[in-house]
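Colleague: below are the sequence and a predicted model for it; my questions follow.
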Amino acid sequence: MGLDVDKFTGALIGSAVGDALGAPVEGYSRGKVRSVYGEGEEWAMKSGRYTDDTQMMIGVAESLIENRGFNGADMALKFIQNYDERRGYGPGSKEALRRISEGESWEEASKKLFGGNGSYGNGAAMRIAPVGIFYYDDAEVLRAIAYKSSHITHSHVLGKEGAALQAYSIALAVRGQKEDMLSRLKEFVKSEAYKEKITKAEQLLDKGANEGDIIRELGTGEAAFNSVPTAIYSFIRFNSFKDAVTYAVSLGGDTDTIGAMTGAISGAFYGEGAIPKGWIGKLEEGEKGKSYIKRLGEVLYRIKMQL
Ligand code: F2R
Ligand code: MG
Ligand code: MG
């Protein structure tokens, strides 16, 4: 299949760009986001520094590359080796990684969180882009790997399902399937909670909903079910990387994460070349900065295409 490497690098760089654009306004209201970014045609990225979303996404990619596929113990180790408190991690993820670093197995640690229910936070979905591109051609393998990679920190069924839904959205985007994306996602997803959110997204698209409707009906919070559907909606509603990611961040709430998830889907669909140059230009460089992230996308592509 003649698939461009630009889609693989676009998903990873797009995720990092969305994260960095949303990072300075994470937790802000819609109005406060506007007051920071203004009403300009193309928002100027502030610091370009990415957060835990990208730091963990890098770990997923590194582990898939080194193991030519999923290896739970190694992926957990990558998260621990890359751990950087200053990137701002969710409390559940932090606790799971602490437990694993102290000797618990990656299969057991996450089950202890939130009173034994496990986390349904969006931390597994926000880092899933490498799984979406690497397994773009097999929905059932993608689902299995999304669940397993989530389980390292997020064992609640809704945390895992959110990651699988986000990964499959990226896979469909790599394949250029935007038109019928929502109906395909509804067929794919197993949980009623997510099916209902996708139906809601369809209705909101039909009605030409305003930002308030999206915040209220789809959500902008830290739970996977209040953020993954919003990212998918943002991608489908607009016709460019810039507009989709700007919209996702403009809603406020968990802006770095919904920005990262929208950026991953949009980057996979439009390709790296469609990401505003000013945004990539400002994205942080350094040991594991934008050049490294791009390289991870290229290597995943080469392995996948057996080049
Ligand atoms: N942590 C942050 N942002 C705050 C600090 C950033 C600040 N700017 C800084 O620089 O310091 N963002 C990151 O966390 C989110 C991802 O979180 P993750 O990894 O899913 O963590 P967690 O704790 O597992 O889940 C998030 C929250 O969801 C609720 N929750 C989850 N499962 C629950 C359950 N079973 N029962 C009840 N509540 C549950 C909790 O409130 C969790 O804390 C991203 O935004 C990332 O950017
Ligand atoms: Mg973050
Ligand atoms: Mg966040």
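Modeller: Now that the structure is in, tell me what you want to look at. Residues are numbered from 1 along each chain as shown. Ligands and ions are numbered 1, 2, ... in the order given.
Colleague: and the helix or strand where I198 lies, anywhere near ligand 1?
Modeller: Following DSSP states H and E, one finds I198 within helix 192-207. No. Interface with ligand 1: helix 192-207 contributes nothing (CB under 6 Å from any ligand atom), its closest point being 13.2 Å away. For the C-beta atoms, the positions are set from N, CA and C on the backbone; glycine is no exception.
Colleague: what comes into contact with that helix?
Modeller: Here helix 192-207 makes contact (CB atoms under 8 Å, 6 or more residues apart in numbering) with 158, 161-162, 165, 182, 185-186, 189, 213-214, 217-218, 225, 228-229, 232-233, 236-237.
Colleague: which of these are buried?
Modeller: Among the contacts of helix 192-207, those buried by neighbour count (16 or more other CB atoms under 10 Å) are 158, 161-162, 165, 182, 185-186, 189, 214, 217-218, 225, 228-229, 232-233, 236-237.
Colleague: which of these come close to ligand 3?
Modeller: Among the buried ones among the contacts of helix 192-207, none lies close to ligand 3 by the criterion of CB under 5 Å from the ion.
Colleague: from those, which land in helices?
Modeller: Within those, residues falling in helices by DSSP state H are 158, 161-162, 165, 182, 185-186, 214, 217, 228-229, 232-233, 236-237.
Colleague: which one among those gets closest to R127?
Modeller: For those, the closest approach to R127 (CB to CB) belongs to G162, at 11.6 Å.
Colleague: in contact with G267, which residues?
Modeller: Neighbour list for G267: 7, 9-15, 17, 241, 274-275 [criterion: CB under 8 Å, 6+ apart].
Colleague: what about 7 Å?
Modeller: Residues in contact with G267, defined by CB atoms under 7 Å, 6 or more residues apart in numbering, are 10-11, 13-15, 241, 275.
Colleague: with A96 instead?
Modeller: Counting by CB under 7 Å, 6+ apart, A96 has contacts 109-110, 113, 152-153.
Colleague: what do you get if the cut-off is 8 Å, keeping everything else the same?
Modeller: 109-110, 113, 119, 152-153.
Colleague: distance of it relative to ligand 1?
Modeller: Note on A96: its distance to ligand 1, by CB to the nearest ligand atom, to the nearest Å, is 8 Å.
Colleague: related to what we said a few turns ago, tell me the most packed of the contacts of G267, by neighbour count.
Modeller: Counting neighbours by other CB atoms under 10 Å, G14 leads the contacts of G267 with 36 neighbours.
Colleague: which one of the contacts of G267 is nearest to ligand 2?
Modeller: Nearest to ligand 2, judged by CB to the ion, of those is S15 at 11.2 Å.
Colleague: if we ignore the residues flanking it in sequence, what's nearest that closest one?
Modeller: The shortest distance from S15 to any residue other than its chain neighbours is 3.9 Å, reached at A264 (CB to CB, 6 or more residues apart in numbering).
Colleague: now the one helix or strand the one you found maps to, how far from the centre of its chain.
Modeller: Assigned by DSSP H and E, A264 belongs to helix 255-270. Averaging C-alpha positions (CA atoms, centre = their mean, to the nearest Å) puts helix 255-270 6 Å from its chain's average.
Colleague: buried residues in that helix?
Modeller: 255-270.
Colleague: ok, so of the residues you listed, who is nearest L307?
Modeller: Nearest to L307 among the buried residues of helix 255-270, counting by CB to CB, is A268 at 18.9 Å.
Colleague: roughly how far does that closest one sit from ligand 2?
Modeller: When distance is defined by CB to the ion, to the nearest Å, A268 is 20 Å away from ligand 2.
Colleague: and if you look at K197?
Modeller: On the measure of CB to the ion, K197 and ligand 2 end up 22 Å apart.
Colleague: please begin residue numbering at 669 from this point
Modeller: Sure, I'll start counting at 669 from here, so that last one is K865.
Colleague: how confident was the prediction at that residue?
Modeller: For K865, the model assigns a pLDDT of 98.
Colleague: same thing with M669?
Modeller: So M669 comes in at 49 (pLDDT).
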